[in-house]
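Enquirer: sequence? don't have it. structure:
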């Protein structure tokens, strides 16, 4: 007999909107596996490598904007989830982690697949729950039902994030033959009603007064999912009311009049220093931007965040506004619009500060375009150039995943055409290279859009188990920049001068993806020259209902030379 | 300038006997990397995938019987160590885990590669240390030196195990050009003198009196490294004084007159029930053996362990003897020998109980040999048969690594010829499939013996990054039993009857190792028929200075049929 409370637990997950689960095979988690697989409203995948499974779930949850469940057996399996759990925590992506466990009395008794699973993810889950091994006492059943409700509610509450339920199970793990596995209909669903945090009129009046006091008000967005409403409002604040709005590629602010700050903020630009800085979202990629704001500290810095944690990325925070960006900027727009309507044009904010940002942005953009035009006509193939060409050619409404290390940095310099509305993802919660392929696979499995992954060879091979499954989507397009090592270490100053560069920093490696592509049944293209690159780009970008890998092999030393030239050449 | 206390930290490691380090590339850990690589007495390897790196270190430390250091950058890198750290903890293998970190003030501030690293391995390290980010105050330097001494001392004290030092570092990370990186000679080494736990004459007298009181005294060994002295003493206790000694393959008790208990204890064997059970070592593989001892509880059960943790694997423990097995059994042998010498032959222990074990062992062994003879002459290729043939043919003085899931179970039924003194390893601390290849690679890198790895396809592909490095040894021989899925789930009763068998338990997968072998430059053999198997076995077993993979493709259903027949056919 399968444990009815486990079947009911899964029913509660489903009623609370969890409709996707990734299961890694095991015996201890068999009751959960069977309950999940047999639930008609839950779609399940089976992925053997738990590390990859959890990152695939992350990619799915990002796209679905709903929690995805992951389920594994007892023992070290759960630890393989940890890198993705940490990423989900800092990126605020909801995951429901279901780890089967042995009952407490069997822990640390030299019996198989048993480790200390209680609180195993430390501070990297919003909460870690644990139920008892008793599935019969009414209070135990109440505890299980309550726990699942609590866990899903928490995962869905801002800041969203992963929650862990550790589930001790005793044998038998399997239903009888022909047993019907279905919830008994008496499950309890405890809804947590959604609320909106709003600010009082008094607070608004104070905020508006502060804003009016400053000529230089800068709005900056960190990592954020694409939100067309928010984007439109911010565009109006910039275009109609002269507030410059800046964001990295992963801020997904698609109007993007100001861009290339990564280029022009390498140099001192004191005139751009904000008096009031208003930020929202999560991490920023651009080191120049962070350094600029830490050096030129705003007089006031307001950060919009529903997180209780105090995050002071620019070392200038003065006020936390625990409200949603959409609410804040909509209301701000209304209030400023109304005040201007009331007071006429003399209340209008000067465009000087915005113009200064725009001028630099324009100059940097010009520099970038000219750099590519001038440097790459009949040269050796170079990764910066190849990325520029491919990003420029990406189709509208596709998704772009940027792997960590150089990929996300190159792409942040180059950007994508804002009118194409390409949503950009990157594992910038922890900035690891450990799950970039898996995350893109998860994304591709949950959208009909074309998903592009830009990735270097170390990150690609590190996570190649991402392609070891039976669910390969047909819309995944991997752009693999293979310079046979961690090129970033040659580019940054410190390690490039050390004797250990090749072996211990760049970590030279000889693999190409050809064999992996063939194993995983992906179309494979390989370019080593400019000519091959141009020719194959066309085929690669042409949709044909198959997932693909475009491997671009370049020389790390030449890449470094070009990139250093690019960075050195810009002058304000 | 490289931080002198970091250089000194590495010097202390070396002076305290840590001469091997595995580094995973990163920037934050660059000071450690450079100090380790430039230390003349430390051998370093660079392995990109931290999960694999830590398991390779585990395999090295098992073989060296000394701590191996692992060193990674900040962020999720450390979490990828966790599966191997848990394995090392429960298997009591010493590792020195050096994780670079950001200084405390940068944690959870939306800046790159930063997670909560303090105590990240939970209860799976003997202790977690953390130093400050200040490397200049004399007290800070005292703290660093003291911490490294403490950490290595702990790792080396029984029960051995992993220790973690979290090391926050600020920029700059790199030495100047031409800077000499060398310890300043003033490092402090704080030795912890080794002791032996001994028992008083009074305790011995009591123990001996207890032993004499029982006719049925059974000695059983859990997982243990091969120790010829211990083996000889136990052999004498069995052969000359009639105490049966039983152990799984991983107990490495190479005299092994009693074997095949996995076979004969499937059936009720009440006459074998011990009155006094004396155990040592760590986990037991055989479920039959564990069930037998839990059902037929000894009147007294003594367990030899220096661990403060109370481990009661057979639910019968009455006495903990915190002494080394070698001391205990040597002294026991002496005492019994002396008492017999004093009292003459009438004190001699009857051989009835030992004979009962021997009879069953002999019967089971006969059954096993006949089963293979009768069933496999002109049949389809079967994994049980292939494993039997290969294990029988392994060369003397080689090492055998058994991957988890079916490999370790099959091998435990079959055993190896005790006279060949093949040392057997398996990740039975947590019994995960997550690092079995890496562990074998680590072993092969630290011995000139031939290292054999017996592994199934799921475990092999899960950990294939083990082969993604530039240090492939030439003595690694992988026997890959590819039944294209987790065959164990078809063999055990519960899942084999479920509709979810193929997809969610067995997890059917189509990969073969051919491409991986070619990428990693390993010789590759593939057998699908009995004829191919016999022919290729010869070539595979012939040493030629190259590492090899012998992939044996079999049908999961047929394997199950044979194995069920084997299990059902034995009668006492």
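Expert: Right, received. Where do you want to start? Predicted, not measured: the structure shown is a model, and the values here were computed from it.
Enquirer: quick one: least confident helix or strand in chain A?
Expert: Across the helices and strands of chain A, the lowest-confidence element by mean pLDDT, DSSP states H and E is helix A:493-496, at a mean of 85.
Enquirer: And the next helix or strand past it?
Expert: Counting by DSSP states H and E, the next helix or strand C-terminal to helix A:493-496 is helix A:514-519.
Enquirer: Any buried residues in that following helix, and which?
Expert: A:516-517, A:519 (16 or more other C-beta atoms under 10 Å in any protein chain shown). Where C-beta positions appear, they are placed from N, C-alpha and C, glycine not excepted.
Enquirer: repeat for stretch A:206-215
Expert: Of all the residues in stretch A:206-215, those buried under the rule 16+ other C-beta under 10 Å are A:207, A:210-211, A:214.
Enquirer: that older thread, what lies in contact with the least confident helix or strand of chain A?
Expert: For helix A:493-496, the external contacting residues (C-beta atoms under 8 Å, 6 or more residues apart in numbering or on different chains) are A:489-490, A:501, A:505-506, A:560, B:27, B:30, B:172-174.
Enquirer: shaky segments in the stretch 151-300 of chain A?
Expert: Along the stretch 151-300 of chain A, the parts satisfying pLDDT under 70 run over A:256.
Enquirer: How many residues are close by the nearest residue to residue A:293 once chain neighbours are set aside?
Expert: Excluding the flanking residues, the one nearest residue A:293 by C-beta to C-beta, 6 or more residues apart in numbering or on different chains is residue A:314, at 4.2 Å. As a burial measure, residue A:314 scores 25 neighbours (other C-beta atoms under 10 Å in any protein chain shown).
Enquirer: Surely residue A:314 touches residue A:289?
Expert: No: under the criterion of C-beta atoms under 8 Å, residue A:314 is not in contact with residue A:289, lying 9.2 Å apart.
Enquirer: Residue A:39: which element?
Expert: Using DSSP H and E, residue A:39 sits within no helix or strand.
Enquirer: So it is in contact with residue A:10, correct?
Expert: Yes: Residue A:39 is within contact range of residue A:10, at 5.3 Å (criterion: C-beta under 8 Å).
Enquirer: These two: which has the busier surroundings?
Expert: residue A:10 (29 against 21).
Enquirer: Kindly state the pLDDT recorded for that one?
Expert: Per-residue pLDDT puts residue A:10 at 98.
Enquirer: What parts of the stretch 1-150 of chain A come near chain B?
Expert: Contacts of the stretch 1-150 of chain A with chain B, taken as C-beta under 8 Å from any C-beta of the partner chain, map to A:23, A:25, A:27, A:30, A:33-34, A:37, A:44, A:46, A:48-51, A:75-77, A:79-80, A:82-83, A:86-87, A:90, A:108-116, A:119-120, A:122-124.
Enquirer: list the buried ones in the helix ranked longest in chain A?
Expert: Ordering each helix of chain A by length in residues (DSSP state H) puts helix A:352-375 first. When burial is assessed from 16+ other C-beta under 10 Å, helix A:352-375 yields the following buried residues: A:353-354, A:357, A:360-361, A:363-365, A:367-368, A:371-372.
Enquirer: so residue A:413, which of the three states?
Expert: Here residue A:413 is recorded as helix under DSSP: H, G, I helix; E, B strand; the rest coil.
Enquirer: what residues are up against it?
Expert: Taking C-beta under 8 Å, 6+ apart, we find residue A:413 in contact with A:260, A:262-263, A:368, A:566.
Enquirer: Can you flag which of those residues belong to helices?
Expert: Reading helices off those with DSSP H, I get A:262-263, A:368, A:566.
Enquirer: For the closest residue to chain B within the stretch 251-400 of chain A, the count of nearby residues, please.
Expert: The nearest approach of the stretch 251-400 of chain A to chain B comes at residue A:283, 4.1 Å away (C-beta to the nearest C-beta). Using other C-beta under 10 Å, residue A:283 has 24 neighbouring residues.
Enquirer: Can you tell me the SS state at the closest residue to it other than its chain neighbours?
Expert: Nearest residue to residue A:283, sequence neighbours excluded (C-beta to C-beta, 6+ apart): residue B:110, at 4.1 Å. Secondary structure, three-state DSSP: residue B:110 is coil.
Enquirer: these two touch, right, residue B:110 and residue A:282?
Expert: Yes: assessed by C-beta under 8 Å, residue B:110 is found in contact with residue A:282 at 5.5 Å.
Enquirer: Identify the contacts common to those two.
Expert: Residues touching both residue B:110 and residue A:282 by C-beta under 8 Å, 6+ apart: A:90, A:222.
Enquirer: So for these two, which sits in the more crowded spot?
Expert: Between residue B:110 and residue A:282, residue B:110 has the larger neighbour count (other C-beta under 10 Å), namely 24 against 21.
Enquirer: which residues does that one contact?
Expert: With contact set as C-beta under 8 Å, 6+ apart, residue B:110 has these partners: A:90, A:222, A:282-284, A:311, A:313.
Enquirer: Which of the residues you listed fall in helices?
Expert: Taking DSSP H as the definition of helices, those contribute residue A:90.
Enquirer: and the buried residues of helix A:514-519 as CSV, adding distance to chain B and pLDDT?
Expert: Shown next, in CSV, are the buried residues of helix A:514-519 (distance: C-beta to the nearest C-beta, whole Å; pLDDT from 0 to 100):
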residue, distance to chain B, pLDDT
A:516, 8, 95
A:517, 10, 96
A:519, 6, 93
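Enquirer: Show me how the record splits chain A into domains.
Expert: Residue ranges for the domains of chain A, per automatic domain parsing: A:4-168, A:201-357, A:376-569.
Enquirer: Those: which one's closest to residue A:187?
Expert: When the domains of chain A are compared by C-beta to C-beta, domain A:4-168 sits nearest residue A:187, at 4.6 Å.
Enquirer: just how off-centre is the closest one within its chain?
Expert: Its chain's average C-alpha position is 21 Å from that of domain A:4-168, according to C-alpha atoms, centre = their mean, to the nearest Å.
Enquirer: and the end-to-end length of it?
Expert: End-to-end distance for domain A:4-168, by C-alpha to C-alpha, to the nearest Å: 14 Å.
Enquirer: ditto for stretch A:401-415
Expert: By C-alpha to C-alpha, the extent of stretch A:401-415 from end to end equals 13 Å.
Enquirer: how about the strands in the stretch 351-500 of chain A?
Expert: Here the stretch 351-500 of chain A has its strands, by DSSP state E, counting those that start in this stretch, at A:399-402, A:423-426, A:451-456, A:476-482.
Enquirer: Identify the residues contacting the second one?
Expert: Defining contact as C-beta under 8 Å, 6+ apart, one finds that strand A:423-426 is touched by A:59, A:62, A:223, A:225-226, A:249-250, A:252, A:285, A:399-404, A:408, A:411, A:416, A:439-440, A:443.
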